[in-house]
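In: Below are the sequence and a predicted model for it; my questions follow.
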Amino acid sequence: MTSRKFNVKLACLKAAAVEREFDVNSVTFGGMQVWPLIRFMLYDQLTWGKGNFISTGEVWFNKFDYDRKFPEFSRSMAGTDILWLSNPEYYTDKIDGKYFCRFEDPFIELFDKGNIKKIELRTALSVERSDRLHKPHYFCPSVSVLRAPVEKLPEIKNFDEVAAVIKAVCGARIAREQLLEIALNVFSYFEYFLDMLQVIRPKAVFFACYYSRINMGLIRACRHLGIPSVDYQHGKQGKFHGMYTHWTAVPPEGYELLPRYFWSWGEESAYNISRWMGDAGRMHQTLVGGSPWLYLWVNGMCSEDADVIREFERLFSGKKTILVCLQRTEDGNVMLLDSMISAMRDAPQDWCWLLRLPPAFRDRREVVVEKLKANGISNYEFDITNRASLYTLLKRVDHHVTTFSSVCYEALSFGINTVVVHPIAKALYPEYIEKGYFIYAQTGEQILSSIKEGMEGDFISEENPYIVSDIKSARKNIYFFLSQNKM
């Protein structure tokens, strides 16, 4: 399969062009500037091709009702210094046989004296992954699903004007109903968290990947209460990212829906955000805090699954192992390029390809297997590869290949120069490809030769690591938040 060539650079430039052509901050709903929500919609359309919203003339949205345990829940969390909004999708690693989140759980391991607690909206996935090393406090509001005709809902001021500009500049269609649905759900989360946070009164609120309905509702509640909101870096944040870069019209007072702080892995990520904040830089600041998760691993502070290690050694003894971090396509499948099929088919017999699926797409395994069978490929492994921690694998494999996943940065901390195989990687990592930290390969033959050279040659280390893995920066930032006065 040849996958659509995403152009993240063009998507960012188009969003910035809209900001030049129109006063995007004049678009409001319920007194809230909704341009961040529109950029979110544009990001999905221009980067991932999600433009199939069907207008029905009606809007469906959720209304949260407080369950009987809400007052008790909120009071039990009172006095918390640092509050994390947890997401069950991110519990993809295991320590001592229990689910572990690479974002918030390292903070609990390293800074437990800081009184850090986690809350989570209880879902079916929460139940599925309930056996956790550090359990969150679940909240479970009663949800009423409401439906309303568009004409009965409040007006989105200047919507028609901005939609026309977006159509002319980007060739994209923004549906009024979709924006209303997102905005109304953000409002619902905002009202719920506003009441919750007034009781808990944390010194700071953390989360990963700020641009979701629940996180933006939380951010707005924090803003109204004067509580610092902190977006923890969850992946690659390079020069071109529709939700982090190319913000050219941020008002001096900032946006209600953008976090107060961006916790970045390193100086490069922080600069890629801060350079676009302009006069609002004081309202949306970057903090270089590194990755506490990586710190635990490079310093041998994480216990590994002994059964997984034994099985790895049994399966791959005498073989060359190549970890392949797969990614999703715009239509929700798993991306396995024709060039990778060619490389796997023509690889030496003692090579084994360890295929790791995206955490949210583990159910797509059979689709990938069918494609491999159709091409006569059997030199691959799925079970251990998707059961083991990513870092357990990076410590042991001989090489790493990916389309354009930011795992390539993490692999550098384990002495691996990744082969990247999708055209989008050239836009995301031009300097790292030029310096030889990553190797770009287009064809199956190029992939094989690049892997072989990587296994036989010397490792090329970064001059300035993209991910800071010492604990000093993280500790400094945590103490900064702990020193804050409560609301």
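Out: Yes, it's here.

In: just the strands in the stretch 1-150 of the chain please.
Out: For the stretch 1-150 of the chain, the strands defined by DSSP state E, counting those that start in this stretch occupy 28-29, 32-33, 58-65, 82-85, 93-95, 98-100, 116-121, 137-139, 142-149.

In: Of all those, which one is nearest M344?
Out: strand 93-95 (26.2 Å; CB to CB). Just so you know, the C-beta spots here come from the backbone N, C-alpha and C atoms, and that holds for glycine as well.

In: re earlier: packed most tightly, which of the strands of the stretch 1-150 of the chain would that be?
Out: strand 82-85 (a mean of 25; mean count of other CB atoms under 10 Å).

In: quick one: average confidence on it?
Out: The pLDDT scores in strand 82-85 average 97.

In: where does this structure have low pLDDT?
Out: Along the chain, segments meeting pLDDT under 70 span 1-6, 49-54, 68, 113, 329-334, 360, 486-487.

In: State which helix of it is the longest.
Out: Across the chain, the helix with the greatest residue count (assigned by DSSP state H) is helix 176-200.

In: gap between that one and the chain center?
Out: 21 Å (CA atoms, centre = their mean, to the nearest Å).

In: who does that helix touch, helix- and strand-wise?
Out: Helices and strands touching helix 176-200, as assessed by 3 or more CB pairs under 8 Å, 6 or more residues apart in numbering; DSSP states H and E, comprise strand 28-29, helix 35-48, strand 58-65, helix 70-77, helix 159-170, helix 213-225.

In: Just send those back as JSON lines, with distance to S303 too.
Out: Shown next, in JSON lines, are the helices and strands packed on helix 176-200 (distance: least, CB to CB, whole Å):
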{"stretch": "strand 28-29", "distance to S303": "49"}
{"stretch": "helix 35-48", "distance to S303": "37"}
{"stretch": "strand 58-65", "distance to S303": "39"}
{"stretch": "helix 70-77", "distance to S303": "29"}
{"stretch": "helix 159-170", "distance to S303": "49"}
{"stretch": "helix 213-225", "distance to S303": "31"}
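
In: separation between D470 and G266?
Out: 11 Å (CB to CB, to the nearest Å).

In: So between these two, which is more surrounded?
Out: Legend: neighbour count by other CB atoms under 10 Å for D470 and G266, higher for G266 (22 against 13).

In: Contacts only, for the more buried one.
Out: Taking CB atoms under 8 Å, 6 or more residues apart in numbering as the contact definition, G266 lies against V288, G290, N464, P465, Y466, I467, V468.

In: If you go by neighbour count, which of these are buried?
Out: Buried subset of the contacts of G266 (neighbour count, 16 or more other CB atoms under 10 Å): V288, G290, P465, Y466, I467, V468.

In: any common contacting residues for D470 and G266?
Out: Joint contacts of D470 and G266 (CB under 8 Å, 6+ apart) are G290.

In: circling back to that earlier point, in the longest helix of the chain, what's buried?
Out: 176-190, 192-194, 196-197, 200.

In: With stretch 407-416 instead?
Out: V407, C408, Y409, E410, A411, L412, S413, F414, I416.

In: from memory the fifth one sits against K395, does it?
Out: No. Between A411 and K395 there is no contact, the gap being 10.4 Å when judged by CB atoms under 8 Å.

In: mind checking how far the nearest residue to E453 once chain neighbours are set aside is from I451?
Out: Spatial nearest neighbour of E453, chain neighbours left out: I439 (7.8 Å); criterion: CB to CB, 6 or more residues apart in numbering. Distance, I439 to I451, using CB to CB: 9 Å.

In: try S473
Out: Taking CB to CB, one finds S473 at 34 Å from I451.

In: try P106
Out: If you go by CB to CB, the gap between P106 and I451 works out to 31 Å.

In: do I433 as well
Out: 16 Å.

In: Which of the two has more residues huddled nearby?
Out: I451 (23 against 15).

In: Where does that one fall, secondary structure wise?
Out: Using DSSP states H and E, I451 falls within helix 444-456.

In: and the next helix or strand after that helix, how far from the chain's centre?
Out: Using DSSP H and E, the helix or strand that follows helix 444-456 in sequence is helix 472-482. Relative to the centre of its chain, helix 472-482 is centred 22 Å away, using CA atoms, centre = their mean.

In: what do you get for stretch 280-290?
Out: 18 Å.

In: Got phi/psi on F22?
Out: phi -150, psi 150 (degrees, to the nearest 10).

In: Does anything pack onto the helix holding I451? Which helices or strands?
Out: helix 338-346, strand 399-402, strand 419-420, strand 439-440.

In: Please identify the buried residues of the first one?
Out: Within helix 338-346, the residues scored as buried using 16+ other CB under 10 Å are S339, M340, I341, S342, A343, M344.

In: wait, the second one sits on V401?
Out: Yes. Taking CB under 8 Å as the contact criterion, M340 and V401 are neighbours in contact, 7.4 Å apart.

In: list the residues that contact both of the two?
Out: V324, V421, I447.

In: List just the nearest of these to K14.
Out: V421 (25.9 Å).

In: Ramachandran angles for the closest one?
Out: Per degrees, to the nearest 10, the backbone of V421 is at phi -130, psi 10.

In: next one: F262
Out: Residue torsions, per degrees, to the nearest 10, at F262 are phi -110, psi 110.

In: Not counting sequence-adjacent ones, nearest residue to the residue nearest to the spatial centre of the chain?
Out: Nearest to the mean C-alpha position of the chain, by CA atoms, centre = their mean, lies H234 at 4.3 Å. Take H234 and drop its neighbours on the chain: the residue closest to it by CB to CB, 6+ apart is A208, 4.2 Å away.

In: Just give me the neighbour total for the one you found.
Out: Neighbour number of A208 under other CB under 10 Å is 23.

In: Which among the shared contacts of M340 and V401 count as buried?
Out: Counted by 16+ other CB under 10 Å, the shared contacts of M340 and V401 give V324, V421, I447 as buried.

In: For the second one, list the residues it contacts.
Out: When you say that, I think you mean V421. Applying CB under 8 Å, 6+ apart, the residues contacting V421 are L337, S339, M340, V401, T402, T403, Y440, A441, Q442, I447.

In: Kindly give a single ChimeraX line that selects the buried subset of these.
Out: Of those, the buried ones can be selected in ChimeraX as follows, counting by 16+ other CB under 10 Å:
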select :337,339,340,401,402,403,440,441,447
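
In: Nearest to M216 among the contacts of V421?
Out: Of the contacts of V421, the one sitting nearest to M216 (CB to CB) turns out to be T403, at 28.3 Å.

In: how close does that closest one sit to Y429?
Out: 12 Å.

In: okay, and the common contacts of the two?
Out: Common neighbours of T403 and Y429 (CB under 8 Å, 6+ apart) are V420.

In: show me what contacts P202?
Out: T80, D81, I82, L83, I227, K486.

In: List just the nearest of those residues to Q349.
Out: Nearest to Q349 among the contacts of P202, with distances taken as CB to CB, is I82, at 51.8 Å.

In: Skip the chain neighbours and tell me the closest residue to the closest one.
Out: Going by CB to CB, 6+ apart, I82 has I116 as its nearest residue, at 4.5 Å.
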